[in-house]
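1. Sharing a model that was predicted from the sequence below.
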Amino acid sequence: MANVNKYNPLVTAAEVISNSFTNANTDTALISNNTILLSELAHLKEAIGQKFYEEIKTQHHNGTLTTANQTLMDDFLIRCLCWFVRFEVINEVQSNSTSAGIVHNIDEFGTIIDPAELNAYKQDTYRKAKVMLDDMIAFIQHEDQTGKYPLFGQDGDSSMPTVDHATKLNGIIFY
């Protein structure tokens with residue numbers, strides 16, 4: 001396994017804000033590179049597979065994206081990843097951990113929403129990210145794209161079920 005974690009994230013904080021936040025004046029400092037990396041690892045890498053993820057990260061880092069991978073980045077992956085980053089950063093945007101404990105970010109014109117509203121907001125954000133991810137996977141798997149993404153699905157990623165592979169989902173084991 002290559003250490004692609006040392007490479008720059010696939011999106012920037014500014015891209016996250018412009019693609020998935022309502023308020024374009026959101027402070028980019030709230031979205032760290034570590035949060036973006038967390039989103040890549042938690043949501044993107046699992047969906048497209050480790051080998052394909054490493055290929056995209058390496059080509060992005062070196063500025064050598066293939067035409068197919070550049071199209072994937074421009075038309076699908078950036079938007080998808082931005083929504084997953086927004087999902088991961090929502091709690092940090094609302095509240096911050098400080099040496100004094102957890103404090104809420106609130107300005108003079110705002111109010112803190114209750115936990116049920118926050119949960120609904122997070123679920124809606126995740127739903128939107130998942131829609132973008134499903135659209136990207138459908139694009140990759142479409143017959144028009146045959147041969148353009150050879151590493152996709154080569155290492156047992158979650159979108160390509162394999163035979164003789166056990167998966168645990170909420171206490172149930174499937175073979």
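-> Yep, it's here.
2. any weak-confidence spans in the protein?
-> Low-confidence segments of the chain, defined by pLDDT under 70, are located at 1, 95-96, 101-110, 156-175.
3. go with 80
-> 1-2, 92-113, 153, 156-175 (pLDDT under 80).
4. how about the strands in it?
-> 95-98, 101-104, 167-169, 172-174 (DSSP state E).
5. can you pull the contacts of the closest residue in space to C82 that isn't next to it in sequence?
-> Nearest residue to C82, sequence neighbours excluded (CB to CB, 6 or more residues apart in numbering): N19, at 3.8 Å. (Each C-beta comes from the backbone N, C-alpha and C, glycine too.) By CB atoms under 8 Å, 6 or more residues apart in numbering, the residues touching N19 are 11, 78-79, 82-83.
6. at 7 Å instead, please
-> For N19, the contacting residues are 78-79, 82, taking CB atoms under 7 Å, 6 or more residues apart in numbering as the criterion.
7. Now restrict these to buried residues only.
-> Burial by neighbour count, 16 or more other CB atoms under 10 Å: within the contacts of N19 this picks out 78-79, 82.
8. returning to that earlier point: and the contacts of N19 as JSON lines, adding distance to N34?
-> What follows is those, written out as JSON lines (distance: CB to CB, whole Å):
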{"residue": "I78", "distance to N34": "19"}
{"residue": "R79", "distance to N34": "21"}
{"residue": "C82", "distance to N34": "16"}
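9. which one of these is nearest D155?
-> I78 (23.1 Å; CB to CB).
10. Could you check how far the closest one is from T125?
-> When CB to CB, to the nearest Å is applied, the distance between I78 and T125 equals 16 Å.
11. what does S39 give?
-> Using CB to CB, which is the criterion applied here, S39 is 12 Å from T125.
12. okay, the two: which has more neighbours?
-> S39 (27 against 19; other CB atoms under 10 Å).
13. who's in contact with the more buried one?
-> The contact partners of S39, taken as CB under 7 Å, 6+ apart, are 81, 84-85, 88.
14. In this structure, which helix is the longest?
-> helix 115-141 (DSSP state H).
15. helices and strands around that one, which ones?
-> Under the contact criterion of 3 or more CB pairs under 7 Å, 6 or more residues apart in numbering; DSSP states H and E, helix 115-141 touches helix 78-94.
16. For the helix it packs on, name the packing helices and strands.
-> Other elements packing on helix 78-94 under the criterion 3+ CB pairs under 7 Å, 6+ apart are helix 13-20, helix 33-39, helix 115-141.
17. Distance to E54 for those helices - can I get that in TSV?
-> Below are the helices and strands packed on helix 78-94 laid out as TSV (distance: least, CB to CB, whole Å):
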stretch	distance to E54
helix 13-20	21
helix 33-39	14
helix 115-141	16
